[in-house]
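# Build me a structure from this.
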Amino acid sequence: MKSLTILFAMLFCFQAQAQDIDVDNMDLTQFLDVTVTTASKSEESLRKTPATVRVITESQIKERGYRDLKDIFRDLPGFDVSEELTGEVRTLAMNRGLLGANKLLFLKDGKRLNAITGERFVLGNNIPLFNVKRIEIVYGPGAVHYGADAYAGIVNVISKSFEDYKKDGNMGAVNISYGDPETIDAGVVVGHEFNDKVNSMISYRRFFSKGFDPTGFESFDTYNTLGLGFEQPVNDFEVHWVTNIGEAKVTFYHQNANEPGGQSTSPALFQFDAGYVWNQKQNKITVEHTFEGENWTLDTLIGYEDYEIDPNSVFYYQGPFLQYKYGKNTAMYIEEKLEWRPSKKYKLVSGFKAESVDAFAKGNNLNTPFDRDDLVDSITYPNDTNIPVEFRNQTLNFGVRPYTGAGVYTEANYAPDDVWQFNVGVRYDYNSDYYGVFTPRAGVVYTPDDKFVAKLLYGEAYIKPSRYLAFEHWSAGTFGYFPNPDLEPEELQTIQLNFSYLLTKNLNVSLNSFMNNIKNLIRPENNGGWSSNVNQGEPKSSGFELEFDYQQDNITAYLYYSYLNAEQDGGEDLNKVAQSKVSAGANYKMDQLSFDTRLRWSDEISFLDATATNGIGKIDGHFLVDLSIHYKDLWKDGSLTLFARNLLDEKYEHASPFGEGPEGWLNTKAPQPGRFVGLTVDQKF
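Predicted coordinates:
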């Protein structure tokens, strides 16, 4: 309660000092009419889109000191965020109680970033924001337009284009940031116009950090019985190259996430050496073309991607005893989307996608790095009564497992007048592994004037049983995983009811409510140390986000309260998420100078605790303060940002990924980063 009092006092004290207005040169009414594209793969106003959508603008990214995509989730309502975890799950961004690192679909310029085969998304320091125009976050299912894995929501990172730089009289930019603890983050983007129909732009970003050291946290030190040192650096880079040729666009994207494996793993088992890393790489090439008619648009996308877990990715056990991992997937796909607008009242968006995938799922623990030239993975299971009979004392060989998939969808939008809008959509996906999945979507939007908006939304989505989840297999002597090729898709049904009202020209209030029902939840089932992924459980969650947005002269401010009622099958509170959360912030501009402060309070969260009477423990809540100062045009085309995260150096913990406890390979409590102070220099040219 004391933390809440401090939060409200700081927010309104900051507001009292404010005197002027400017947020991207828009007032609150105008901002509701900003154009978004992610929810329906079509241009719509934020007010009219049949979805819960939030937009992070370029100026907010700069003024708040955001560096990576993971940074934005700390300030979004409805999200629980646990950072600096183990390698393949560096950040858990859990939306409205929907747990898992594969429950959000990440896009870059509308194209999928998640591996097409459904592996966990790292979400470390691998998606930079220095060259981003805006970010659109869609809450809830988006399967009608995107198919599998558009589950808890969609996050679309929209890059600045060649034309964006050209209209400002620039051809590129350099962005360099240094922070303490020792972190260097540098990016450059350069464009060139060959003629009036051909231009190209390439960006490169490199991130290095000494890494967060959890030494000093009881949850870490208790199990660090050998007093081992901690050396876990981060070394990521990204390349994004776009070439426009008339109505066609060619894009190459490379992401190399070289993240440490150790912060939330148990020091009773692991040695935190610099070589304990998870290195995940992606290459994506796409060719797009657009045909435009008088009242229709046809978009074609052809793509290729490969995803690889580098063979030097390793679990660094004490001894040292090294256990290497490997996985590789390649895919080719084609998408078509037709948008037809026969009149102002009607809009129809239809399309299909077909894909062919070769999947070599992440496999057994290996004593030496995997040989890429021989894509066969073998495992021999012991004669253990806790293992199903068909696997006992058996040697299994896992090779490349191809599959094909196809999906077709259509969505109709009808607006009889300026007040009402109705939409209904449906999609059918076929996969050679699990046959068909049917996902509908429907919505009603009511806007009687420019002050009030009401939305009633229904949607369904599913997580496909990826080759990794269905064929996960490894053995560490007396414990491990065995495959379950009969795994079925996990399904979600969501109802949302949203209201937004402009109380005054300076104050808008919104209430976004939701109810989630899950079927065929994919989770590990453990039997004497041996596990397999199964469909088990139908958890439910409901809640709301109450939001206040304020503008007055040169100040903007917000206050968000998020409530979540989420239970597991047995009626216990859902692990890893808080029931109540509060976010607040204010930004004050004075000519080119802006001051931004953001506050976050989180209630306690539940976690698996083998030492507790009922097996459930509690992690204390926390209160965090972030501060940034941004000076725009400090010199010609140059800006400077000083930012601090966790300014008060709050010592707090959050949930670890997966479900293991202190008797397993993960700590149940994950130490979270302390104060981080950074300075960013941005120069356009």
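# For the rest of this, base every contact and every neighbour count on C-alpha atoms.
Noted.
# Quick one: name whatever helix or strand follows the helix or strand bottoming out on mean pLDDT in the chain.
None of the helices or strands of the chain scores lower by mean pLDDT, DSSP states H and E than helix 2-16, at a mean of 39. The first helix or strand that comes after helix 2-16 along the chain, using DSSP states H and E, is helix 28-31.
# That next one: how far from the chain's middle?
Relative to the chain's own centre, helix 28-31 is displaced by 27 Å; criterion: C-alpha atoms, centre = their mean, to the nearest Å.
# Tell me the buried residues in it?
L28, T29, F31 (16 or more other C-alpha atoms under 10 Å).
# which residues are contacting it?
Residues from elsewhere that reach helix 28-31, judged by C-alpha atoms under 8 Å, 6 or more residues apart in numbering: L46, D450, K451, L502, K505, N506, L507, N508, Q551.
# Then stretch 544-555?
So stretch 544-555 is contacted by 15, 18-22, 27-28, 77-78, 506-514, 556-564, 586-590 (C-alpha under 8 Å, 6+ apart).
# For the stretch 551-685 of the chain, which segments are assigned as strands?
Along the stretch 551-685 of the chain, counting by DSSP state E, counting those that start in this stretch, strands occupy 555-567, 580-590, 593-602, 605-608, 616-619, 622-635, 638-645, 653-655, 669-671, 676-684.
# Ignore what I typed, I meant the stretch 201-350 of the chain.
Counting by DSSP E, counting those that start in this stretch, the segments of the stretch 201-350 of the chain that form strands are 234-245, 248-260, 277-292, 296-309, 314-317, 321-324, 327-343, 346-360.
# Make JSON lines from these and add mean neighbour count to it.
Formatted as JSON lines, the strands of the stretch 201-350 of the chain follow (neighbours: other C-alpha atoms under 10 Å):
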{"stretch": "strand 234-245", "mean neighbour count": "20"}
{"stretch": "strand 248-260", "mean neighbour count": "22"}
{"stretch": "strand 277-292", "mean neighbour count": "20"}
{"stretch": "strand 296-309", "mean neighbour count": "18"}
{"stretch": "strand 314-317", "mean neighbour count": "23"}
{"stretch": "strand 321-324", "mean neighbour count": "19"}
{"stretch": "strand 327-343", "mean neighbour count": "19"}
{"stretch": "strand 346-360", "mean neighbour count": "20"}
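# looking at those, which is closest to G65?
Checking those against G65 by C-alpha to C-alpha gives strand 234-245 as the closest, at 19.0 Å.
# could you give the mean pLDDT of the closest one?
Strand 234-245 shows a mean pLDDT of 96.
# Mind giving me the packing neighbours of that strand?
In terms of contacts (3 or more C-alpha pairs under 8 Å, 6 or more residues apart in numbering; DSSP states H and E), strand 234-245 is packed against strand 198-209, strand 248-260.
# My guess is K540 contacts N517. True?
Yes. Look at K540 against N517 with C-alpha atoms under 8 Å: they come within range, at 4.8 Å.
# These two: which is more packed in?
The neighbour comparison of K540 against N517 (other C-alpha atoms under 10 Å) goes to K540, with 21 against 15.
# so how far is G407 from that one?
Remark: distance between K540 and G407 (C-alpha to C-alpha, to the nearest Å) = 28 Å.
# Then K505?
Applying C-alpha to C-alpha, the value for K505 to G407 is 45 Å.
# With neighbour numbers in mind, choose between these two.
Shown here are K505 and G407; by other C-alpha under 10 Å, G407 has more neighbours (23 against 13).
# quick one: pLDDT of E308?
95.
# Can you give me every residue that contacts the closest residue to it other than its chain neighbours?
Once flanking residues are discounted, E308 sits nearest to K328: 4.3 Å by C-alpha to C-alpha, 6 or more residues apart in numbering. Applying C-alpha under 8 Å, 6+ apart to K328 gives the contacts D306, Y307, E308, I309, A359, F360, A361, K362.
# right, and the pair among the residues you listed with maximum separation?
Of all pairs in these, the most separated under C-alpha to C-alpha is D306 and K362 at 13.9 Å.
# how many other residues sit next to the residue nearest to S580 when sequence neighbours are not counted?
Excluding its sequence neighbours, the residue lying closest to S580 (C-alpha to C-alpha, 6+ apart) is Y563, at 4.8 Å. Neighbourhood size, Y563 [other C-alpha under 10 Å]: 19.
# Tell me who's in contact with Y563.
Y563 touches G78, G543, F544, E545, Q579, S580, K581, counting by C-alpha under 8 Å, 6+ apart.
# re the thing from before, between the buried residues of helix 28-31, which sits nearest A257?
Nearest to A257 among these, with distances taken as C-alpha to C-alpha, is F31, at 35.0 Å.
# I'd like to know how far that closest one sits from K632.
Applying C-alpha to C-alpha, the value for F31 to K632 is 22 Å.
# cool, and P483?
55 Å.
# Name the SS class of K362, please.
coil (DSSP: H, G, I helix; E, B strand; the rest coil).
# Spatially nearest residue to it (excluding sequence neighbours)?
G327 (4.1 Å).
# before we move on, what about P524?
N533 (4.3 Å).
# Could I get the average pLDDT for the helix or strand harbouring I518?
Using DSSP H and E, I518 maps to strand 507-519. Strand 507-519 shows a mean pLDDT of 97.
# what's the answer for stretch 173-193, then?
Rounded mean pLDDT across stretch 173-193 is 96.
# mind listing what's buried in that stretch?
Per 16+ other C-alpha under 10 Å, stretch 173-193 contains these buried residues: 173-179, 181, 183-191, 193.
# same deal with stretch 359-374?
Buried-residue list, stretch 359-374, by 16+ other C-alpha under 10 Å: A359, F360, A361, K362, G363, N364, N365, L366, P369, F370.
# Extract the C-alpha set from that stretch and format it as CSV.
Presented in CSV, the C-alpha positions along stretch 359-374 are these (Å, rounded to 0.1, in the frame of the first residue of the first chain):
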residue,chain,number,x,y,z
ALA,A,359,11.9,-29.7,-39.6
PHE,A,360,14.8,-31.1,-37.6
ALA,A,361,13.5,-30.5,-34.1
LYS,A,362,15.8,-29.5,-31.1
GLY,A,363,17.0,-32.9,-30.0
ASN,A,364,19.0,-34.9,-27.4
ASN,A,365,21.7,-33.6,-25.0
LEU,A,366,25.0,-34.2,-26.8
ASN,A,367,28.5,-34.5,-25.4
THR,A,368,30.0,-32.8,-28.4
PRO,A,369,28.6,-30.2,-30.9
PHE,A,370,26.3,-31.6,-33.5
ASP,A,371,27.6,-32.5,-36.9
ARG,A,372,25.5,-30.4,-39.3
ASP,A,373,26.3,-32.7,-42.2
ASP,A,374,24.4,-35.6,-40.7
